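Colleague: need coordinates for the below:
(chains A and B)
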Amino acid sequence: QQQVKQSPQSLIVQKGGISIINCAYENTAFDYFPWYQQFPGKGPALLIAIRPDVSEKKEGRFTISFNKSAKQFSLHIMDSQPGDSATYFCAASKRSSASKIIFGSGTRLSIRP
Amino acid sequence: GAGVSQTPSNKVTEKGKYVELRCDPISGHTALYWYRQSLGQGPEFLIYFQGTGAADDSGLPNDRFFAVRPEGSVSTLKIQRTERGDSAVYLCASSPAGAGEQYFGPGTRLTVT
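Modeller: Reported below is the predicted structural model:
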């Protein structure tokens, strides 16, 4: 059972544009929604995370939008740069119980110069 | 400080052989996680340690997989009678108190021929 569904699978954006990646989850017990960035040959690195009690969180050029009723959340990368080219994973967990992270299938983002 | 380290970085083995993968977590982190990442997919949870004990091993695919953390620091993932389907990147992560952020190592790429 795929508990976190992510789209699109791949995305090409022009430099300076907005990159948008969408995710949907099923388990309403999830209370922590992180996004990870992974470069080839490296482990995933936490980019930004949100709890379901807020609808939006912004850190620099990265923004998470969260819709609790629809069980959906998205990552927006403003002013996308070639250095942002990587694979992005949305994820969910029950942070309060220190449990495993459930990852989406990933989005390969390419920023064209 | 030093991040999570994993050794070896690459391991090639023949079908049916036994392998051990090692993880050195960030010093002081009490929680340690193992994930498996197949090509083009998100990481999948295998097992979680809190201290020396396995708090959740629900992700281990079968009894050929086993993990230990005897002193509450370094962990070893052991795979018996390897199969070609075991080929993947095995990721280790640690967190300071179980409910904190998970920090990932670079992974061990296992190839079973």
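
Colleague: how close does B:V12 get to B:T111?
Modeller: Computed as C-beta to C-beta, to the nearest Å, the B:V12 to B:T111 distance reads 5 Å. C-beta: built from backbone N, CA, C; applies to glycine.

Colleague: cool, and A:R108?
Modeller: A:R108 is 22 Å from B:T111, by C-beta to C-beta.

Colleague: how about B:I47?
Modeller: Counting by C-beta to C-beta, the gap from B:I47 to B:T111 is 22 Å.

Colleague: so between the two, which is more surrounded?
Modeller: Higher neighbour count among B:I47 and B:T111: B:I47, with 22 against 13, using other C-beta atoms under 10 Å in any protein chain shown.

Colleague: so what's the more buried one up against?
Modeller: B:Y33, B:W34, B:A54, B:D56, B:D57, B:G59, B:L60, B:A67, B:L77 (C-beta atoms under 8 Å, 6 or more residues apart in numbering or on different chains).

Colleague: just to check, the last one is in contact with B:L46?
Modeller: So the one you mean is B:L77. Yes. Counting by C-beta atoms under 8 Å, B:L77 does reach B:L46; the two are 7.4 Å apart.

Colleague: and for the two, which residues touch both?
Modeller: Common neighbours of B:L77 and B:L46 (C-beta under 8 Å, 6+ apart) are B:W34, B:F65, B:A67, B:Y90.

Colleague: who wins for neighbours among those residues?
Modeller: B:W34 (27 neighbours).

Colleague: can you tell me the element it falls in?
Modeller: strand B:31-37 (DSSP states H and E).

Colleague: quick check: what element follows that strand along the chain?
Modeller: Next element after strand B:31-37 (DSSP H and E): strand B:44-50.

Colleague: hey, where'd the strands end up in the chain?
Modeller: All of this refers to chain A. Along chain A, the stretches classed as strands by DSSP state E are A:4-7, A:10-14, A:19-25, A:33-38, A:45-50, A:56-59, A:62-67, A:72-77, A:86-92, A:102-103, A:107-112.

Colleague: my question was about chain B
Modeller: B:5-7, B:10-13, B:19-24, B:31-37, B:44-50, B:53-56, B:65-68, B:75-79, B:88-95, B:103-104, B:108-112.

Colleague: now mean pLDDT too, for those strands, in TSV please.
Modeller: Below are the strands of chain B laid out as TSV (pLDDT from 0 to 100):
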stretch	mean pLDDT
strand B:5-7	98
strand B:10-13	98
strand B:19-24	98
strand B:31-37	96
strand B:44-50	95
strand B:53-56	91
strand B:65-68	98
strand B:75-79	98
strand B:88-95	96
strand B:103-104	94
strand B:108-112	98
